[in-house]
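# This is a predicted model, with the sequence first.
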Amino acid sequence: MITAHNNMSLPDITTLIELVQQARPVSMLEIGVNEGRTAKQILENVPSIKFYTGIDLSDHGHGSEYFINNAHIIPDEPAKEVISNPRFHLILRPHGSFDLTAGELKSYDVVFIDGDHLLWAVVHDTGLAKRIAKKLIIWHDYLDLEVNSFVDYLRSYLSIVHIPNTTLAYHKIPNENRNSIE
């Protein structure tokens, strides 16, 4: 059963699951997995996923100013809702995705960006996603000012769609541009 939670409205989670289902991914990466509520619902509703990786901060004190001022969104137990799922893998780093490079990660069919919402973090996470995503990049909190301004900038050269009545935007990677790194 698909349900809303404090970080994701029902229209957002339902639409996210539909987008992911349409991509028929074998692998997915979520930047900003938090307690894993979104990951759990995706894994329950997208059986094609064999490998789901979530990234989050390992330490409350090393996040950006956004996270430090919003410490309540850093979970005491990262990915607790999904950590026991054998298809799920958790990566924790002091600075989250900033401590990882594309070379350290494998490629993923779908990359879901839902970490730090400050401009510099959205730029970083998008750059990482562009290097490793094979089929689809999805941004959550598109209506957040800094996410929105950067994604709108990207729309000048990428085909990015904002889904009405949600805070989601996505970019389908054309077949000829798909990353072939495995």
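Happy to help now that I have it.
# Hmm, residue 132 and residue 105 touching each other?
Yes - between residue 105 and residue 132 there is a contact at 5.4 Å, judged by Cβ atoms under 8 Å. Quick note: C-beta positions are derived from backbone N, CA and C, even for glycine.
# Give me the common contacts of these two.
With contacts defined as Cβ atoms under 8 Å, 6 or more residues apart in numbering, the residues shared by residue 105 and residue 132 are residue 29.
# Determine which member of those two has the greater number of neighbouring residues.
Set residue 105 next to residue 132 and count neighbours by other Cβ atoms under 10 Å: residue 132 wins out with 22 against 18.
# ok, that one to residue 121 distance?
Residue 132 is 17 Å from residue 121, where distance means Cβ to Cβ, to the nearest Å.
# ditto for residue 87
Taking Cβ to Cβ, one finds residue 87 at 27 Å from residue 121.
# Repeat that for residue 4.
24 Å.
# ok, those two, which is more surrounded?
The residue with more neighbours, out of residue 4 and residue 121, is residue 121; 25 against 14, by other Cβ under 10 Å.
# Quick check: pLDDT value at that one.
Turning to residue 121, the model gives it a pLDDT of 90.
# How about residue 117?
83.
# can you confirm it is in a strand?
No - secondary structure of residue 117 (DSSP: H, G, I helix; E, B strand; the rest coil): coil, not part of a strand.
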